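**Q** sequence unavailable; structure follows:
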């Protein structure tokens, strides 16, 4: 049985993103939030304790936490996999070993921590003499809302439909296209509110980012993407399994090395083992 409707597919095709309610259970999202507070050693009842390392000012609240069981419980949730599978028209997928974030409220007492937000795309545009093939497959990125998130809480925002303009430019022969890609930097993005457990998934050519948090509550999110397993090399699969076994970071990593030295390895379901690349898809 499909989890997405024809209306969902049409909305994604037109706008380059889709907001899917109830992608993962709220209880699992709450477990990730608790893991974040524990990892950061923050007191959730004392906001004055949040504006310090291991968080860093100016990076949107990104946290070097990758392999906690609660993160894997979301990644390997069957409903989440089915959403990506239906959008990609492919069930044999791998998932990213990505991070979480805690975007702090803007606070005049901590001006260095005021993050106004940004817009970007998740893929480099072709170089001057390159062209994106017209039949290039859609690539997706996604974020799970871990708590209820209002439009002014610094959550996901985007420029709906602008991915088509960028793809069109990238697919035009260099001799015929404008010397610079369409500029989205001056466009006011659309903020997308959501509830705990919702998924926002988008085309990597869609300008997006997160905004200024003008509330008194942090914005919590877990990033996740899925892509066809056939696109992964043997080395890619081996590297991912190695990182899972050793709880190793995907990006810069936590200087405290809490995960790497924990001696813990997340437990995977059969779906999780396939999403990681530990087991082959049938």
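**A** Done, it's in. This is a predicted model, so every value here is computed, not measured.
**Q** all strands of this structure, in order?
**A** With DSSP state E as the criterion, the chain has strands at 17-20, 62-63, 93-95, 100-103, 140-145, 156-158, 190-191, 199-203, 208-210, 219-224, 226-228.
**Q** the second one packs against which elements?
**A** Same thing as strand 62-63. With contacts taken as 3 or more C-beta pairs under 8 Å, 6 or more residues apart in numbering; DSSP states H and E, strand 62-63 sits against helix 26-40, strand 100-103. Where you see a C-beta, it was placed from the backbone N, CA and C, and this is true even at glycine.
**Q** quick revisit: and residue 171, which of the strands of the chain is closest to it?
**A** strand 199-203 (13.7 Å; C-beta to C-beta).
**Q** tell me the mean pLDDT for the closest one?
**A** The pLDDT scores in strand 199-203 average 98.
**Q** give the partner strands of that strand in its sheet and their orientations.
**A** strand 17-20 (antiparallel), strand 140-145 (antiparallel) (DSSP bridges).
**Q** highest mean neighbour count out of the helices and strands packed on strand 62-63?
**A** Sort these by mean neighbour count, taking mean count of other C-beta atoms under 10 Å, and strand 100-103 sits at the top with a mean of 24.
**Q** what does that one contact?
**A** 32, 36, 40, 50, 55, 60-63, 65, 71, 115, 146, 153-155, 210, 213, 218-223 (C-beta atoms under 8 Å, 6 or more residues apart in numbering).
**Q** now the buried members of those residues.
**A** Those of the contacts of strand 100-103 that meet the buried threshold are 32, 36, 40, 50, 55, 60-63, 65, 71, 115, 146, 153-155, 210, 213, 218-222, by 16 or more other C-beta atoms under 10 Å.
**Q** returning to what we had before: mind putting the helices and strands packed on strand 62-63 into a markdown table with distance to residue 260 and mean pLDDT?
**A** Output for the helices and strands packed on strand 62-63, formatted as a markdown table (distance: least, C-beta to C-beta, whole Å; pLDDT from 0 to 100):
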| stretch | distance to residue 260 | mean pLDDT |
| --- | --- | --- |
| helix 26-40 | 13 | 98 |
| strand 100-103 | 17 | 97 |
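**Q** now tabulate those in a markdown table and tack on distance to residue 166.
**A** A markdown table is the format used below for those (distance: least, C-beta to C-beta, whole Å):
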| stretch | distance to residue 166 |
| --- | --- |
| helix 26-40 | 31 |
| strand 100-103 | 25 |
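**Q** which one of those lies closest to residue 138?
**A** Short answer: strand 100-103, nearest of these by C-beta to C-beta, at 24.3 Å.
**Q** parallel or antiparallel, list what pairs with that closest one.
**A** strand 62-63 (antiparallel), strand 219-224 (antiparallel).
**Q** make a markdown table out of these and add mean pLDDT and distance to residue 264.
**A** Compiled in a markdown table, those are given as follows (pLDDT from 0 to 100; distance: least, C-beta to C-beta, whole Å):
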| stretch | mean pLDDT | distance to residue 264 |
| --- | --- | --- |
| strand 62-63 | 96 | 17 |
| strand 219-224 | 98 | 18 |
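**Q** with distance to residue 136 as added columns, please give the ones you listed in CSV.
**A** Output for these, formatted as CSV (distance: least, C-beta to C-beta, whole Å):
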stretch, distance to residue 136
strand 62-63, 28
strand 219-224, 22
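**Q** to residue 253, which of the ones you listed lies closest?
**A** strand 62-63 (11.2 Å).
**Q** that older thread, out of the strands paired with strand 100-103, which gets nearest to residue 88?
**A** strand 219-224 (13.5 Å).
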